[in-house]
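> how would this look folded up:
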Amino acid sequence: MAQFDVYRNRGRQREVIPFVVAVQSSLYDDYSRRVVIPLVRASALGNVANARLNPIFKIKTSLSCCIRSRLFRCPSVSWVSRLHL
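Below is the predicted model:
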């Protein structure tokens with residue numbers, strides 16, 4: 001998982017969180033966990049608080065909001081696939 005690459009979420013919440021962005025440095029590539037930020041479908045959020053902290057991106061044909069406060073680490077990358085933009 002390269003830092004700042006966007007991945008398609010294939011997990012249970014893919015309808016609301018269609019993408020994640022990897023934010024972990026490549027210095028930690030040997031570890032089995034990755035730190036990611038969810039890109040939540042903007043239509044699922046309604047009003048987005050503080051657009052500077054939660055920017056909205058157009059990915060393919062949908063608007064997704066980067067919710068930094070929901071940063072998390074995942075045990076593997078089996079539930080995501082790299083998105084080729």
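> Ala44 touches Pro18, doesn't it?
No. With contact defined as CB atoms under 8 Å, Ala44 does not reach Pro18; the gap is 9.8 Å. (Glycine included, C-beta is placed from N, CA and C.)
> report the separation between Arg33 and Gln13.
Distance from Arg33 to Gln13, counting by CB to CB, to the nearest Å: 18 Å.
> between Ala44 and Pro18, which has more neighbouring residues?
Per other CB atoms under 10 Å, whichever of Ala44 and Pro18 has more neighbours is Pro18, with 21 against 13.
> how close does that one sit to Asp29?
Taking CB to CB, one finds Pro18 at 25 Å from Asp29.
> could you do Asn47 as well?
Applying CB to CB to Asn47 and Asp29 gives a distance of 38 Å.
> these two: which has the busier surroundings?
Neighbour count, other CB under 10 Å: between Asn47 and Asp29, Asp29 has more, with 11 against 4.
> which stretches of the chain aren't confidently modelled?
1, 76-85 (pLDDT under 70).
> send the alpha carbons of the strand ranked longest in it over as CSV?
Counting residues, the longest strand found in the chain (DSSP state E) is strand 34-41. Taking C-alpha atoms only, strand 34-41 is exported to CSV below (Å, rounded to 0.1, in the frame of the first residue of the first chain):
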residue,chain,number,x,y,z
ARG,A,34,-1.9,-0.2,7.5
VAL,A,35,-3.2,3.2,8.6
VAL,A,36,-6.0,4.5,6.4
ILE,A,37,-8.6,7.3,6.3
PRO,A,38,-12.1,6.5,5.0
LEU,A,39,-13.5,8.5,2.1
VAL,A,40,-17.2,8.6,3.0
ARG,A,41,-19.8,9.1,0.3
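> skipping adjacent residues, who's closest to the residue sitting nearest the centre point of the chain in space?
The centre of the chain sits closest to Val20, judged by CA atoms, centre = their mean, with a distance of 1.6 Å. Counting by CB to CB, 6 or more residues apart in numbering, Val20 lies nearest to Val36, which is 4.2 Å off, once chain neighbours are set aside.
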